[in-house]
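J.: Need a 3D model of the following:
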Amino acid sequence: KWAALSDIQDGLNTLYQTGKFSKLYADIDTFSDTMKVAYHLVPLDTLRRIKIAGVTALDTVQLHPLIDSLIGREANLVRLQSLVDSLISTYHKQGFTLARVSQAELSNGTAYIGIDEGTIEAIEFLGNEHTRSWALERLLPFHTGEIYNERKVKQGVDALYATKLFDNIYYYPEKGEGGVVLKIRVVEKLHNMLKLAARYDDVSREEIALEFSNEDFLAAMLRFRLGGKYGVRDKWGFCGLTSDRIGKLPLYNSLEVGIREKRCDLFHMDRIEQHLTMKEYLSFRLGSQVHRFGTLYGEFNLSFVTLKRGKQKEHFRRFQSIGIRSIVDTYDDIRFPMKGRYHTWYFKAVYGLPEGDYNFTQSYLYLSSYYTFFKRLTARPIIEVGITRGFPPLYELFTIGEPDPFWGYRFDYVRAENIVKFGLDLRLNLPYNIYLFSGVIAGDCYSKEGKPDWNNLRFGIGTGVGVSTPIGPVKLLWGRANDDKERFYLSAGYDF
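T.: Predicted structure coming up:
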């Protein structure tokens with residue numbers, strides 16, 4: 001019967017799609033009432049070898065079973081295409097999303113497959129009018145000459161966001177002369193900030209703080225801070241420099257120098273003896289982000305301290321200390337958190353000169369987490385443990401009401417070398433930024449010679465109200481301890 005040319009073409013396509021032929025065509029002879037179609041098929045040679053070039057980022061061992069299944073058989077383009085698809089899929093699964101086939105040829109029983117993996121030819125930063133490109137590039141976990149990997153690029157973008165210097169970051173690869181040009185566009189934040197803060201509580205009274213900071217000092221992603229605070233009990237001035245990197249290494253480091261005058265009170269049967277500490281100090285920290293430990297770093301401190309007890313003469317000491325510290329801080333809000341945790345622990349060894357009469361070691365653990373149920377009820381369990389061995393000065397002793405108040409007591413009513421404290425706070429989150437508090441707490445501070453008396457721990461309960469305002473949180477709390485001591489707590493503003 002007669003056949004349309006489209007039918008003949010469809011037949012050729014169907015045969016070609018089997019992948020068995022290197023060439024095929026049709027001869028058509030027509031007669032008065034009939035037509036003759038002769039299909040000419042040229043089969044592929046036996047496949048004797050497969051050569052894959054350009055693969056450096058992958059281990060092709062997993063493809064060997066597929067390659068071995070093709071060798072020694074009649075070549076088949078469909079099966080060869082399946083091999084190429086498997087190879088490119090393996091690249092993409094491992095993040096090499098720009099990998100592509102640059103050559104595919106079958107000749108004399110040998111299949112040639114060339115791969116262009118997508119080598120990064122150059123990295124260009126756009127929009128960084130202040131921050132230098134070399135300072136940005138050192139944060140990236142890859143460099144020019146490596147294969148483009150989408151996972152590593154996203155890690156690099158996360159590292160740039162972590163500097164908190166940018167509002168937005170965009171990236172896109174473009175074809176270069178011999179590879180890929182990765183372009184990263186950043187939108188910079190303001191770098192210079194002047195902060196003014198004030199707060200009040202019923203013990204420290206009025207305090208005011210002023211700080212100037214440059215979040216990109218010298219356009220090298222260094223954070224510079226200069227500031228201080230002034231209060232009746234605490235006066236402090238400092239200057240610090242911090243960085244999250246040393247070269248390519250993700251090492252947090254900070255250097256701070258300062259001077260501080262702080263008054264500490266010691267209670268004797270409700271009578272207060274005043275102690276004054278004047279301290280000039282230098283502090284250096286070096287650390288890194290560690291999974292589950294947050295920021296883990298070692299620290300060295302050198303301080304020159306003048307101690308004055310009551311009306312006695314002043315004593316001068318030089319203190320040197322080394323230690324290790326970990327901080328995990330994931331609170332979602334600094335005023336009234338709804339979720340997150342603050343975990344910290346440290347160990348430090350301190351040596352006092354010239355007499356050496358203030359040598360001591362100190363270990364400390366503090367755990368606090370926020371859990372919110374039904375958006376209205378927030379619970380916060382806390383655990384605090386501190387142990388001191390040796391002879392610390394007064395200002396290094398643990399206080400029963402820091403960092404969390406002990407219901408019924410002033411924060412420094414009890415001081416000692418060791419502390420154990422645990423409690424539970426509940427907060428009802430009402431509309432219009434109003435919060436109701438209640439809580440229980442137990443524990444005690446005890447001397448280094450003693451042990452906690454678990455049968456006679458101090459115990460306190462409390463309640464209160466808080467309001468979130470533009471100037472910070474305002475709280476009015478009341479607490480009562482099991483020795484019948486009661487206390488009202490009034491505070492306004494952020495801690496600093």
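J.: Just the CA trace of stretch 38-48, in PDB.
T.: Taking C-alpha atoms only, stretch 38-48 is exported to PDB below (Å, rounded to 0.1, in the frame of the first residue of the first chain):
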ATOM      1  CA  ALA A  38      13.800  -0.500   1.400                       C
ATOM      2  CA  TYR A  39      15.300   0.300   4.800                       C
ATOM      3  CA  HIS A  40      19.100   0.300   5.000                       C
ATOM      4  CA  LEU A  41      20.500  -0.300   8.500                       C
ATOM      5  CA  VAL A  42      24.200   0.000   9.500                       C
ATOM      6  CA  PRO A  43      24.700  -1.600  12.900                       C
ATOM      7  CA  LEU A  44      27.100  -0.300  15.400                       C
ATOM      8  CA  ASP A  45      30.400  -2.000  16.000                       C
ATOM      9  CA  THR A  46      31.100  -4.100  19.100                       C
ATOM     10  CA  LEU A  47      32.000  -1.800  22.000                       C
ATOM     11  CA  ARG A  48      35.500  -2.600  23.000                       C
END
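J.: How far does it sit from its chain's centre?
T.: The chain centroid and the centroid of stretch 38-48 are separated by 60 Å under Cα atoms, centre = their mean, to the nearest Å.
J.: For the stretch 301-450 of the chain, which segments count as strands?
T.: 315-329, 340-353, 360-373, 377-390, 398-399, 415-416, 418-430, 434-446 (DSSP state E, counting those that start in this stretch).
J.: cool, the stretch 51-200 of the chain as well?
T.: With DSSP E, counting those that start in this stretch as the criterion, the stretch 51-200 of the chain has strands spanning 100-107, 110-116, 120-126, 166-175, 180-188, 192-201.
J.: if we can go back for a sec, can you lay out the strands of the stretch 301-450 of the chain as JSON lines showing mean pLDDT and mean neighbour count?
T.: For every residue, glycine as well, the C-beta is placed using N, CA and C. Listed next are these as JSON lines, based on pLDDT from 0 to 100; neighbours: other Cβ atoms under 10 Å:
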{"stretch": "strand 315-329", "mean pLDDT": "90", "mean neighbour count": "16"}
{"stretch": "strand 340-353", "mean pLDDT": "91", "mean neighbour count": "17"}
{"stretch": "strand 360-373", "mean pLDDT": "96", "mean neighbour count": "17"}
{"stretch": "strand 377-390", "mean pLDDT": "96", "mean neighbour count": "17"}
{"stretch": "strand 398-399", "mean pLDDT": "94", "mean neighbour count": "22"}
{"stretch": "strand 415-416", "mean pLDDT": "92", "mean neighbour count": "18"}
{"stretch": "strand 418-430", "mean pLDDT": "96", "mean neighbour count": "18"}
{"stretch": "strand 434-446", "mean pLDDT": "96", "mean neighbour count": "18"}
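J.: out of these, which comes closest to residue 460?
T.: Of all the strands of the stretch 301-450 of the chain, strand 434-446 sits nearest to residue 460, with 5.1 Å by Cβ to Cβ.
J.: same for that closest one, what does it pack against?
T.: Under the contact criterion of 3 or more Cβ pairs under 8 Å, 6 or more residues apart in numbering; DSSP states H and E, strand 434-446 touches strand 415-416, strand 418-430, strand 458-469.
J.: Can you name the residues in contact with the second one?
T.: Outside of strand 418-430, the residues within contact range by Cβ atoms under 8 Å, 6 or more residues apart in numbering are 336, 338, 372, 375-388, 398, 400, 404, 406, 435-448, 450, 452.
J.: the inter-axis angle of it versus strand 458-469?
T.: Interaxial angle of strand 418-430 relative to strand 458-469 (axes from the mean of the first three to the mean of the last three Cα atoms, to 10 degrees): 40 degrees.
J.: List the strands paired with strand 418-430, with their directions.
T.: Partner strands for strand 418-430, per DSSP bridges, with pairing direction: strand 377-390 (antiparallel), strand 434-446 (antiparallel).
J.: what does the last one give?
T.: Strand 458-469 has its sheet partners listed here by DSSP bridges as strand 434-446 (antiparallel), strand 472-481 (antiparallel).
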